[in-house]
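Student: I need the structure of the sequence given here:
(4 chains)
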2 protein chains.
Amino acid sequence: MINPSSVPVRQSSIRAHNLALLLNTVANSADPPSRAALATVTGLTRATVSALVDDLIAGGLLTELDPPPRTGAGRPAAGLALTAAGPAGLGCEINVDYLAACVVDLTGAVRQRFTEHADQRPAAAPDALAALGRLAARARLAAEAEGLVVAGMALAVPGLVSPAGLVRVAPNLGWQDVDAPALLRGVPEIADLPVVVDNEANLAALGELRVAGAEATFLYVSGEIGIGAGLVIDGELYRGVRGWSGEIGHLTVYPDGRPCRCGSRGCLEQYAGQEALTADEPLAAAALGIALSAAVNLLDVPMIVLGGAYALHFERLRAGIETELRRRVLTAGLAPVTLRAARLGTDAAVRGAADSVIRGVRDDPAGWLRRAG
Amino acid sequence: MINPSSVPVRQSSIRAHNLALLLNTVANSADPPSRAALATVTGLTRATVSALVDDLIAGGLLTELDPPPRTGAGRPAAGLALTAAGPAGLGCEINVDYLAACVVDLTGAVRQRFTEHADQRPAAAPDALAALGRLAARARLAAEAEGLVVAGMALAVPGLVSPAGLVRVAPNLGWQDVDAPALLRGVPEIADLPVVVDNEANLAALGELRVAGAEATFLYVSGEIGIGAGLVIDGELYRGVRGWSGEIGHLTVYPDGRPCRCGSRGCLEQYAGQEALTADEPLAAAALGIALSAAVNLLDVPMIVLGGAYALHFERLRAGIETELRRRVLTAGLAPVTLRAARLGTDAAVRGAADSVIRGVRDDPAGWLRRAG
DNA sequence: GCCAAATAATTCAACCAATAAACAAATCGA
DNA sequence: TCGATTTGTTTATTGGTTGAATTATTTGGC
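Tutor: From the prediction side, this is the model:
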């Protein structure tokens, strides 16, 4: 992750890598580990761990826990944990019927949470983003009053986003080529924050990843007004070459089926969209099952997580989907595909957005230490 | 690639990384670069480059070219190139109607090539693999007579392969749970070689990668008796969690269509398999187009390479496939999907197999230097 | 109540790899 | 033949990890 393999490695990179290794090891440990435990589990020496941990403590990323959990003979170990009062991530979401902002600290705890329900469709993009910016500013202010330092901001959008953060199309918002980062910078209280924009399903997948465990591999499918998917492989989000992967809503399910507003025919969205779902249409589960089978045959993902509206209707959909998976996935007989409902519900995208920011800090603590001085 | 990010980094790893960086930079350069040119392009110092290059030359991976291509003032630069007489990769392929083995040197040149045409279906797996082993032994012998050192062996199989090299199912060969590496070790002349087994489409994709350029992203689709696909992202092959990705042949195209031997209905293989193709069936192109659209919608791949029998019939299939891609790929209007025929034809898999071995050497020259002493 | 055993964390000399800057080598142009 | 120019090497320095020895802090036995 630090080394895209086409880049030279100097001594400082190895320090940066090992700092990230330690920070992530602490983050993924069940109990607060000691320096010695970190040494054995990472393979670094105790001396090295001590030196690096000192830096992380000085930089406010790790804290030494006061009450040493004593056991057996020997000097008691000092437990290490992520600091709750340190860098934090600001996550935002704009969707058809609400705006949301939340702040997550380094430990992953949600510290602030603001929502504003209102139909965004009549609003022009600049107005909607200004309103969202104000909501984000409130969240930031409240978080910083608690001693947090917001390290950056991520925005979830139901549409296609280019790597630069330009929203190319967001059909359900009626957006086209909206420069979201620039518009958000119009709100002075958050103008200094680095902004990342990403697809709603991608960020929701990251949100579920936090719950699923660090190394998980799964396909997250979100049934909002549109249907999107986020693919997580070994704990990393796969975005595709241009950031447009996961457009499962327009996967063809019935080649000569109903016409879709995208110009094609028989898209999944026509059979398993929110209207079909609430109308209790019998085709929804089968159509989803067919589309998901395609994904599994292509990608060999062992788990599918259903989010958004699908999470609400999970029990009703389950059997129908699983029938198709059993029939249509070639390797179903060799290893089963796990199907489960999302655990975060409609919060997944905002949570994932905030999470993606602190993920950035956890993966490059050296950068944070440099900036924080 | 060297750093799975959950592993500590020591000084030796940074040397290993930079050795690989230099070797790959030489490999991907159009003209033989000088040490100074390597320094500027990689970002390392001239001193560091010199030291590392000395090691690579001593280890027989690089050669200094005799006639310095002189230009302008200053001391003339000594060009560096991969050695043709060094480590080599042995690639093998077993398919329904032939066996093949080939040896590729570090520069990517094919140095030996053996084929044996015979229907493998009546043969039991041990017999077929013994025959293949003998063919491989001949190729190795001939290569070593030319001064090459075979570093390892890779085998392409038309079936599902587990990471350990076990062939779980190869329907067209009638194989099930065949321990190919163990059976190949039965041939004494190649028993010492490390063996890797992989799916035919995956390795063919690697073969095409060599031709496509180092950083390419594409989906390779092979129309053999079965239909498989190999996904290459930024020059890396994606194998899926269990190595079973790319089973595009059993993607559902027509949900209530023809029954397939896999137990499902309407699989791509029923409409675009080799029989359909040679029978000049009109559905082949449309079915392919529908399946490929699914892949592009899910994965956002900018290029599709058609191999095997599809390469032969490319011109006839092209228009029909492109029509479906235009209709069914959501982002087709934002950025086109390139469709082209494979350049290596039926050789892709063996070539890719041999290539995967030397790719291993190029990505870990430090390991090779250690072994070679 | 004191000492040995055990475990945690730190200190310090050694080592390894890259860097920067000076230096040597080889060529061109005047 | 001499300066300019570019390539490649040498050498002292720096940054980072290692390994062994050392210090710190606890438990348990006598």
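
Student: For residue A:198, give its distance to DNA strand D.
Tutor: 32 Å (Cβ to the nearest atom of the strand, to the nearest Å). C-beta: built from backbone N, CA, C; applies to glycine.

Student: Apart from its chain neighbours, what residue comes closest to that residue?
Tutor: Once flanking residues are discounted, residue A:198 sits nearest to residue A:161: 5.8 Å by Cβ to Cβ, 6 or more residues apart in numbering or on different chains.

Student: How about chain A: which residue is closest to DNA strand C?
Tutor: Relative to DNA strand C, the nearest point of chain A is residue A:74 (2.1 Å; Cβ to the nearest atom of the strand).

Student: can you confirm residue A:343 is in a helix?
Tutor: No - under DSSP: H, G, I helix; E, B strand; the rest coil, residue A:343 falls outside any helix and is assigned coil.

Student: Which residues are in contact with the residue nearest to residue A:198?
Tutor: A:167-168, A:197-199, A:243 (Cβ atoms under 8 Å, 6 or more residues apart in numbering or on different chains).

Student: May I ask which of these has the most neighbours?
Tutor: residue A:199 (29 neighbours; other Cβ atoms under 10 Å in any protein chain shown).

Student: quick one, what contacts that residue?
Tutor: A:156-161, A:228, A:230, A:243, A:246 are the contacts of residue A:199 under Cβ under 8 Å, 6+ apart.

Student: returning to that earlier point: what are the phi and psi angles of the residue nearest to residue A:198?
Tutor: Here is the backbone geometry of residue A:161 (degrees, to the nearest 10): phi -120, psi 130.

Student: partner residues bridging it?
Tutor: residue A:167 (DSSP bridges).

Student: ok, it to DNA strand D distance?
Tutor: Distance from residue A:161 to DNA strand D, by Cβ to the nearest atom of the strand: 35 Å.

Student: Nearest residue to the closest residue to chain B within the stretch 101-250 of chain A in space, please, no chain neighbours.
Tutor: Residue nearest to chain B within the stretch 101-250 of chain A: residue A:240 (2.8 Å; Cβ to the nearest Cβ). Distance criterion Cβ to Cβ, 6+ apart; nearest residue to residue A:240, sequence neighbours excluded, is residue B:300 at 2.8 Å.

Student: ok, residue A:43 touching residue B:7?
Tutor: Yes - Residue A:43 is in contact with residue B:7 according to Cβ atoms under 8 Å; the separation is 7.2 Å.

Student: shared neighbours, these two?
Tutor: By Cβ under 8 Å, 6+ apart, no residue touches both residue A:43 and residue B:7.

Student: Could you pull up phi and psi at the residue nearest to residue A:372 when sequence neighbours are not counted?
Tutor: Once flanking residues are discounted, residue A:372 sits nearest to residue A:59: 5.7 Å by Cβ to Cβ, 6+ apart. In terms of degrees, to the nearest 10, the main-chain angles of residue A:59 are phi -80, psi 0.

Student: Next: residue A:44.
Tutor: Here residue A:44 shows phi and psi, under degrees, to the nearest 10, equal to phi -80, psi 160.

Student: how far away is it from residue A:360?
Tutor: 23 Å (Cβ to Cβ, to the nearest Å).

Student: Compare the two and say which is more crowded by neighbours.
Tutor: For the pair residue A:44 and residue A:360, the greater number of neighbours falls to residue A:44 (22 against 18), based on other Cβ under 10 Å.

Student: Does the more buried one touch residue B:8 like I think?
Tutor: Yes - at 4.7 Å, residue A:44 counts as touching residue B:8 under the criterion of Cβ under 8 Å.

Student: where do the contact lists of those two overlap?
Tutor: By Cβ under 8 Å, 6+ apart, the residues touching both residue A:44 and residue B:8 are A:18, A:21.

Student: Which pLDDT value goes with the residue nearest to residue A:372?
Tutor: Looking at residue A:59, its pLDDT stands at 94.

Student: Count the residues that sit near it.
Tutor: Residue A:59 is flanked by 20 other residues according to other Cβ under 10 Å.

Student: what sits against it?
Tutor: A:365, A:368-369, A:372.

Student: sorry, back to before: so of the contacts of residue A:161, which two are at opposite extremes in space?
Tutor: Greatest spatial distance in the contacts of residue A:161: A:168 and A:198, 12.6 Å, computed using Cβ to Cβ.

Student: First-to-last residue distance for stretch A:117-128?
Tutor: 12 Å (Cα to Cα, to the nearest Å).

Student: List the buried residues for that stretch?
Tutor: Going by neighbour count (16 or more other Cβ atoms under 10 Å in any protein chain shown), the buried part of stretch A:117-128 is A:120, A:123, A:125, A:128.

Student: Which neighbouring elements make contact with the helix-or-strand element of chain A with minimal mean pLDDT?
Tutor: Across the helices and strands of chain A, mean confidence by mean pLDDT, DSSP states H and E is lowest for helix A:274-278: a mean of 86. Counting contacts by 3 or more Cβ pairs under 8 Å, 6 or more residues apart in numbering or on different chains; DSSP states H and E, helix A:274-278 packs against helix A:283-299, helix A:309-312.
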